[in-house]
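Undergrad: just to be clear, the model below is a prediction. Sequence and coordinates:
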Amino acid sequence: MVGLIGARAPGAGDLMHPGYEPDQIFLYRDRVDFRKSIDGLAAIVEMELGMNIFSSSLFVFTNRHRDKMKILYWNKNGFCLWYKRLEEEKFAWLKGVDSPSCAITQEELKWLLEGLDIW
């Protein structure tokens, strides 16, 4: 594979939406009923986490079996909801975290999406 001179590695924003650069990325500790969509997940962010859903942050959720992930964020004029389903593996998730959410870096999110255990 040949790299491009001056090319940068894609950040989490590039994974979600080209040109979008999140300020922070938060993983929600508890499992979520994945029948929830934008409104239900936004309510968790605002009511349970006490965070501003309209900020430049990504909010990451997993289901009970940890084989699905949803990422919610606001981009300029509307919400975006990104969804990934694993066929055979499970996402590594928060271990030993007492707070309802945990901030991670863009690189850690990429590793998580690739199936690596960052904990």
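TA: Okay, I see it. Numbering: from 1, shown residues only.
Undergrad: please spell out which residues along stretch 61-81 are buried.
TA: Buried residues in stretch 61-81, counted by 16 or more other Cβ atoms under 10 Å: 61-63, 68-74. In this view, the C-beta of every residue, glycine as well, is placed from N, C-alpha and C.
Undergrad: among the residues you listed, which one lies nearest to W93?
TA: W93 lies nearest to T62 out of the buried residues of stretch 61-81, by Cβ to Cβ, at 5.7 Å.
Undergrad: and W82, how many neighbours does it have?
TA: By other Cβ atoms under 10 Å, the residues close to W82 number 15.
Undergrad: go through this protein and flag its longest helix.
TA: The residue-count maximum for a helix in the chain (DSSP state H) belongs to helix 106-113.
Undergrad: tell me the helices and strands packed up against that one.
TA: For helix 106-113, the packing partners by 3 or more Cβ pairs under 8 Å, 6 or more residues apart in numbering; DSSP states H and E come out as helix 12-16, strand 24-28, strand 57-62.
Undergrad: list the buried residues for that helix?
TA: Going by neighbour count (16+ other Cβ under 10 Å), the buried part of helix 106-113 is 106, 108-110, 112-113.
Undergrad: quick one: which of those residues is nearest R29?
TA: Among the buried residues of helix 106-113, L112 lies closest to R29 (Cβ to Cβ), at 13.9 Å.
Undergrad: got the contact list for that closest one?
TA: 60, 91-92, 104, 118 (Cβ atoms under 8 Å, 6 or more residues apart in numbering).
Undergrad: which among these end up buried?
TA: Members of those classed as buried by 16+ other Cβ under 10 Å are 60, 91, 104, 118.
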